[in-house]
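1. The amino acid sequence is not available; the structure is as follows:
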């Protein structure tokens with residue numbers, strides 16, 4: 001296993017709205033990226049998400065903690081996916097920011 005990718009993404013939505021948008025946004029991710037990513041586990045406990053996804057046949061566990069003003073996302077990539085860490089980090093960061101944009 002490689003070192004985990006860690007994100008801290010600010011928002012101004014409040015915890016409840018950020019959780020609502022993340023849940024909705026993850027549904028869109030499942031639909032839009034279903035040919036690449038398969039969510040095998042998604043367990044919400046209040047404002048904490050524990051997940052496990054599969055990409056290119058490899059498992060990547062992670063978690064999201066939602067605070068009033070930011071989300072903290074951690075995902076551990078297996079060695080093959082870690083080779084693409086920079087691109088994956090950009091993609092995840094962009095998707096999370098889109099989910100949390102103030103509308």
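-> Everything's here; your move. Remember, predicted model here, so these are calculated numbers, not experimental data. Residues are numbered from 1 along each chain as shown.
2. Check which residues of the lengthiest helix in the chain are buried.
-> Ranked by residue count and defined by DSSP state H, the top helix of the chain is helix 15-32. The neighbour-count check on helix 15-32 (16 or more other CB atoms under 10 Å) flags 15, 18-19, 21-22, 26, 29 as buried. From N, CA and C alone the C-beta is placed, and that goes for glycine too.
3. Compile the residues you listed into CSV and extend it with columns for pLDDT and distance to residue 100.
-> Shown next, in CSV, are the buried residues of helix 15-32 (pLDDT from 0 to 100; distance: CB to CB, whole Å):
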residue, pLDDT, distance to residue 100
15, 95, 12
18, 94, 6
19, 95, 11
21, 93, 6
22, 92, 8
26, 88, 12
29, 83, 13
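4. how about those residues in CSV, adding distance to residue 79?
-> CSV is the format used below for these (distance: CB to CB, whole Å):
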residue, distance to residue 79
15, 35
18, 32
19, 32
21, 32
22, 28
26, 25
29, 23
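5. who touches residue 49 in this structure?
-> 22, 42-43, 63-66 (CB atoms under 8 Å, 6 or more residues apart in numbering).
6. returning to that earlier point: now for the buried residues of helix 15-32, which pair is the farthest apart?
-> Pairwise distances across the buried residues of helix 15-32 peak at 20.5 Å for 15 and 29 (criterion: CB to CB).
7. Mean pLDDT per helix and strand in the protein: which one sits at the bottom?
-> Least confident helix or strand of the chain, by mean pLDDT, DSSP states H and E, is helix 79-82 with a mean of 70.
8. Show me what secondary structure element comes after that helix.
-> Next in sequence after helix 79-82, counting helices and strands by DSSP states H and E, comes helix 85-100.
9. So which bits of stretch 54-71 are buried?
-> 55, 60-64, 66, 70-71.
10. Lowest-confidence entry in the residues you listed?
-> Lowest pLDDT of those: residue 55, 81.
11. Fine by me, thanks again.
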